[in-house]
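Engineer: What would the 3D arrangement of this be:
(one chain, ligands or ions: 2)
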Amino acid sequence: MEFLETLYNEIVGFFNFGGLIEIIQTDNYKALLTQDGIGKALGPLIPVLLLVEIIRALFYRRLTFTQYKISFFTYVFNRFISRFISIGMVGLCIAFFEPYAIFKTEFTWYWFIYGYVVWEFAHFIYHFLGHKVRLFWCLHSTHHAPEYMNLSVTYTHFFLEAPYADIIRTTICILLGVNPPLLFLIMFIDGTWGAFIHIGENIMVDARLGFLNKIILTPSHHRVHHAKNPLYMDTNFCNLLNIWDKAFGTLQDEKHEEAIEYGITRPMKSGDFLDAYFGEITLLLKDVYQAPTLKDKVLYIFMPPGWHHSGNHKTATIVKKEYFDSVRG
Ligand SMILES: [Zn+2]
Ligand SMILES: [Zn+2]
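Structural biologist: Numbers count the residues shown, from 1 in each chain. Ligands and ions are numbered 1, 2, ... in the order given. A predicted model of the protein is given here:
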């Protein structure tokens, strides 16, 4: 019985049904009008969509377990780890940095817009560093390992990536005056959208969302972000508003003539969970160990992925430059 109970709790937990069940059991439907209630009601949205995606693929006989393998094992592994440690950095960063905020904001619509722009900026910083600093790439690369795009990729993260992202995003937002209730609302919207942009080609073949592709960051843009094609590498770091990608020149639309190839550029054991989860860390440790000088060892940790102490670098910037040179002829 204990096994069935654990299974039931895992399923309710995965589908985020807990909040909704509580509202139904207590007949407290008024709660649906509050921010907390909306959060509880929308909680199951992404997991249920993922289920629909899988059922559709099954129906059209397009489902292969390989497409979900890395995500599935990452989810199970992270659940296992979280039984022993959960690192909540958001609360800590708020408590620590709120006294140093440059000014105070209220819970109003104009401060909401301000907060969202600041949040996107903080997200850009965290995400950009996740691609450009080798140590942080070790935390972020698990998310880029899957060679397919579907909603399960949303759950594919190294367990230390969330605390790393939370420290950077929360600290920047709090220091720039975004108040905690506003921050939580923004985090909820960002989290929901951030999951939705991983919608698979099984459900949505063209994910440009029409005219929205010109205004916001669509699933199509995020598919480009997950691509290893030189044209697409290291672009579209934003999540919902693409303003900072526009500002920093990293916005890239999906091109019809350039089909997306998902995954990371190094040779990987296809569909291998251990390689997806620990592969980059192992390689970094190896490089640090083999580096001839102490300075090189430190540089390996902080320089972009592809940096080499011999000067023969293969960073994304160089790979892209070579690609554009070859296209221009
Ligand atoms: Zn990324
Ligand atoms: Zn993603």
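Engineer: Could you use CA atoms for every contact and neighbour count after this?
Structural biologist: Will do.
Engineer: List the contacts of the helix ranked longest in the chain.
Structural biologist: The longest helix of the chain (DSSP state H) is helix 109-132. Where contact means C-alpha atoms under 8 Å, 6 or more residues apart in numbering, the residues beyond helix 109-132 that reach it are 105, 136-137, 139-140, 165, 168-170, 172-173, 176, 178, 182-183, 186, 234, 237-241, 244-245, 303-305.
Engineer: would M268 count as being in a strand?
Structural biologist: No. Following the definition DSSP: H, G, I helix; E, B strand; the rest coil, M268 is coil and is not counted among the residues of a strand.
Engineer: Settle this for me: it is touching F278, isn't it.
Structural biologist: No. M268 sits out of contact with F278 when judged by C-alpha atoms under 8 Å, with a separation of 11.5 Å.
Engineer: gap between the longest helix of the chain and the chain center?
Structural biologist: 13 Å (C-alpha atoms, centre = their mean, to the nearest Å).
Engineer: for the record, mean pLDDT for the following helix or strand past that helix?
Structural biologist: Per DSSP states H and E, the first helix or strand lying C-terminal to helix 109-132 is helix 134-144. Rounded to a whole number, the mean pLDDT of helix 134-144 is 97.
Engineer: Report all helices and strands that the next helix or strand after helix 134-144 contacts.
Structural biologist: With elements assigned by DSSP H and E, the helix or strand that comes after helix 134-144 is helix 161-175. Counting contacts by 3 or more C-alpha pairs under 8 Å, 6 or more residues apart in numbering; DSSP states H and E, helix 161-175 is packed against helix 89-97, helix 109-132.
Engineer: Could you identify which of those is most buried?
Structural biologist: Greatest average neighbour count among those goes to helix 109-132 (a mean of 19), per mean count of other C-alpha atoms under 10 Å.
Engineer: could you dump it to CSV, C-alpha only?
Structural biologist: Backbone C-alpha positions of helix 109-132 (Å, rounded to 0.1, in the frame of the first residue of the first chain) are rendered in CSV as follows:
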residue,chain,number,x,y,z
TRP,A,109,0.7,47.9,-13.3
TYR,A,110,3.5,50.3,-14.2
TRP,A,111,5.8,48.9,-11.7
PHE,A,112,4.8,45.4,-13.1
ILE,A,113,6.1,46.5,-16.5
TYR,A,114,9.2,47.9,-14.9
GLY,A,115,9.7,44.6,-12.9
TYR,A,116,9.2,42.5,-16.0
VAL,A,117,11.8,44.4,-18.0
VAL,A,118,14.3,44.1,-15.1
TRP,A,119,13.4,40.4,-14.7
GLU,A,120,14.1,39.7,-18.4
PHE,A,121,17.4,41.5,-18.0
ALA,A,122,18.3,39.4,-15.0
HIS,A,123,17.3,36.3,-16.9
PHE,A,124,19.4,37.4,-19.9
ILE,A,125,22.4,37.7,-17.6
TYR,A,126,22.0,34.3,-16.0
HIS,A,127,21.3,32.6,-19.3
PHE,A,128,24.1,34.4,-21.2
LEU,A,129,26.7,33.4,-18.5
GLY,A,130,25.3,29.9,-18.6
HIS,A,131,26.5,29.7,-22.2
LYS,A,132,29.7,31.8,-21.9
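Engineer: now the angle between helix 134-144 and that helix, please.
Structural biologist: Computed by axes from the mean of the first three to the mean of the last three C-alpha atoms, to 10 degrees, the angle separating helix 109-132 from helix 134-144 equals 100 degrees.
Engineer: tilt between helix 109-132 and helix 161-175?
Structural biologist: Going by the same axes, to 10 degrees, helix 109-132 makes 140 degrees with helix 161-175.
Engineer: In stretch 313-325, which residues are buried?
Structural biologist: For stretch 313-325, the buried set under the neighbour-count rule, 16 or more other C-alpha atoms under 10 Å, comprises 315-317, 319-320.
Engineer: correction: stretch 34-48
Structural biologist: Residues of stretch 34-48 classed as buried under the neighbour-count rule (16+ other C-alpha under 10 Å) are 37, 39-47.
Engineer: What lies in contact with it?
Structural biologist: Against stretch 34-48 from outside (C-alpha under 8 Å, 6+ apart): 14-20, 31-32, 151, 185, 188, 192, 195-196.
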